[in-house]
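Chemist: Predicted model and sequence below, questions to follow.
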Amino acid sequence: MFSSCVDPSSLQGLNWLSCYLTTGKHIDFYWSFLTVLTLLVVTAPTALAFGFGGAMLARSPHLPLRILGKGYTAMVRGIPDIVFFLFFVIALDQSIEWLVHQVRCPDWTDPIRNGLEFRVCPQAKVPQNSSPQVWHSIYGFVLAVITFALVFGAFAANVLYGAMQAVPRAQLETAEAYGMNHGQVFRRVLVPQMWVYALPGLSNLWMILIKATPLLFLLGVQDIVYWARELGGAKTAVYAFPHPDWRLYYFLALLVFYLAMTKFSEVVLTRVQNRLSHGQATAAGEAQRKAAT
């Protein structure tokens, strides 16, 4: 990166280390931390939206919608995450290319699927083979967000469904007695109160989501675990900066990063829980009232 780093063999000590830590691959490693954080920021609300929709469907008075909501949560929760990640991404990618193929290549006569081979016309490739690498990275990241959101949305749906059921029925009936319709009761009474019951389960899901980010590697995204393994491995003489096996130190750095993330999350979630529990008829709310007296 610096002009003084042109000849690594002439470097020693801290100069060698500073040049080593500023190589192009290390810059990609540092950017991968932002990739993980961006995934968390985008996936969390998306998964919550999937979960809210699934919980609403599971509570629907219409049987087909209720079956759809409960089937979604049961199917995704019953499949190991790694199997779902490996299968769903391939299925989603091929589905997108198949739809594009139907639009752009209607005269295509060759079979799209021949045994295990999936082949569409070149114009249907998403993204195009000639597209810059950044578009391939963005496409892979979007697929990762959708996959993570579907998986964790199913767990969130189960948590939110239980939280909705935990809101005392008497409060809903009182709201109806005051003349509120079903939608008003849902928006003004049920949803505001369910969060205090849902937050413990959602907090656990957030922690699990943080720990699940290394699965990005399975989706073709070069995350921090990928780069830690690649950069920490022993190099041969063909590399500009050969070094022994340093994977232990790289993974220790990831350990500190994940522990810091979880500790920060615990502090924030505890404050949110205390705020939501204030004045509520829950164990946490009762503890706050006793502490105040």
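Modeler: Everything's here; your move.
Chemist: Same question for D107, what's its three-state structure.
Modeler: At D107 the chain is in coil, as set by DSSP: H, G, I helix; E, B strand; the rest coil.
Chemist: which stretches of the stretch 51-200 of the chain form helices?
Modeler: 63-77, 81-104, 133-166, 169-177, 182-185, 191-212 (DSSP state H, counting those that start in this stretch).
Chemist: F50 is nearest to which of those helices?
Modeler: Set against F50 and scored by CB to CB, those come closest in helix 133-166, at 2.6 Å. Using the backbone N, CA and C atoms, a C-beta is placed for each residue, glycine as well.
Chemist: related to what we said a few turns ago, for V120, find the nearest of the helices of the stretch 51-200 of the chain.
Modeler: Closest approach to V120 among the helices of the stretch 51-200 of the chain is made by helix 81-104 (4.1 Å; CB to CB).
Chemist: Mind putting the helices of the stretch 51-200 of the chain into TSV with distance to L252?
Modeler: What follows is the helices of the stretch 51-200 of the chain, written out as TSV (distance: least, CB to CB, whole Å):
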stretch	distance to L252
helix 63-77	33
helix 81-104	25
helix 133-166	26
helix 169-177	50
helix 182-185	52
helix 191-212	17
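Chemist: Which among those is found nearest to A124?
Modeler: That would be helix 81-104 among those, by CB to CB, at 3.7 Å.
Chemist: tell me what the closest one is packed against?
Modeler: Applying 3 or more CB pairs under 8 Å, 6 or more residues apart in numbering; DSSP states H and E, we find helix 81-104 packed against helix 133-166.
Chemist: tell me the average confidence for the helix it packs on?
Modeler: Mean per-residue pLDDT for helix 133-166: 89.
Chemist: now that helix and helix 63-77, what's the angle there?
Modeler: Angle of helix 133-166 versus helix 63-77, following axes from the mean of the first three to the mean of the last three CA atoms, to 10 degrees, is 120 degrees.
Chemist: State the distance from T73 to A91.
Modeler: Between T73 and A91 the distance, using CB to CB, to the nearest Å, works out to 19 Å.
Chemist: which of those two has more neighbours?
Modeler: Taking other CB atoms under 10 Å, T73 and A91 do not tie; T73 has more neighbours (22 against 10).
Chemist: Next one, pLDDT for the more buried one please.
Modeler: Predicted confidence (pLDDT) for T73: 89.
Chemist: Relative to V191, how far out is it?
Modeler: T73 is 19 Å from V191, by CB to CB.
Chemist: ok, now L205?
Modeler: 18 Å.
Chemist: and these two? which has more neighbours close in?
Modeler: Shown here are L205 and V191; by other CB under 10 Å, L205 has more neighbours (22 against 15).
Chemist: Under the pLDDT cut-off, which ranges of the stretch 1-150 of the chain? List them.
Modeler: 1-4, 6-12 (pLDDT under 70).
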